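Asker: Predicted model, plus sequence, below.
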Amino acid sequence: MRGVILYGPPAAGKDTITAALRDLDERYQLYSRLKVGPGRTSGYRMSDESTLEGLRRSGNVVWENERYGARYVVDHPSLVTSLSAGVPVVHLGQRPAVAAVTAAVCGARWFVVYLWCPREVGEQRIIARRTGDAEARLQAWDATEPLPEANLSLNTAEVSPHEAAERIHRHVLTDDAAEAPQARRSSASSS
């Protein structure tokens with residue numbers, strides 16, 4: 001089981017790079033976080049407070065945060081399903097979320113990418129989206145800490161989405177290739 005985490009501030013390129021990864025290989029799939037509240041619905045599993053409360057009671061909330069007047073949740077059952085079906089691409093913007101997600105599923109291997117760009121580039125992208133909440137998104141931008149321990153760091157003002165996806169894909173494939181001989185030895189020794 002393998003996944004990719006794209007970490008970074010708003011408008012750093014998470015959506016466009018996810019689309020470019022999907023164009024490269026259909027195994028990459030956006031992990032749709034659960035969302036309770038107003039705002040954009042595309043890319044989310046819209047839900048209600050009672051469903052979220054049930055996930056909390058059962059201990060299945062891996063990560064939860066509140067932004068833009070809504071709650072965003074990574075839940076254990078959907079994360080396991082996504083890892084089993086392909087290579088989920090999880091979008092995160094808080095350092096503790098990265099630690100929570102990477103520790104959530106035993107045996108899962110995560111490739112973590114820190115996406116960033118200069119603030120003025122991010123601001124231009126945020127304004128161009130015309131979501132009506134530019135100030136809140138810039139506050140989220142300012143609150144997003146760097147992630148120096150990421151497997152890969154990319155300045156999206158200097159790297160195209162396609163080039164970024166190629167670099168990520170190459171790393172994920174390299175890891176797969178490195179594991180393949182070991183997997184063959186293990187299966188050969190068990191027969």
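Answerer: Noted; the coordinates are in hand. Source: prediction; values computed, not measured.

Asker: Quick one: the strands in the protein, in order.
Answerer: For the chain, applying DSSP state E gives strands covering 2-7, 28-30, 33-36, 44-46, 61-67, 70-75, 87-92, 109-116, 152-155.

Asker: Need those in TSV (columns: mean neighbour count and distance to E145).
Answerer: Where C-beta positions appear, they are placed from N, C-alpha and C, glycine not excepted. Formatted as TSV, these follow (neighbours: other C-beta atoms under 10 Å; distance: least, C-beta to C-beta, whole Å):
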stretch	mean neighbour count	distance to E145
strand 2-7	23	10
strand 28-30	20	23
strand 33-36	20	20
strand 44-46	16	24
strand 61-67	17	14
strand 70-75	20	17
strand 87-92	24	12
strand 109-116	21	10
strand 152-155	17	13
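
Asker: Relative to A99, which of these is closest?
Answerer: strand 61-67 (9.1 Å; C-beta to C-beta).

Asker: chain center to that closest one, what's the gap?
Answerer: Centroid separation between strand 61-67 and its chain, computed with C-alpha atoms, centre = their mean, to the nearest Å, is 13 Å.

Asker: Paired strands for it, with orientation please.
Answerer: Strand partners for strand 61-67, identified by DSSP bridges, are recorded as strand 70-75 (antiparallel).
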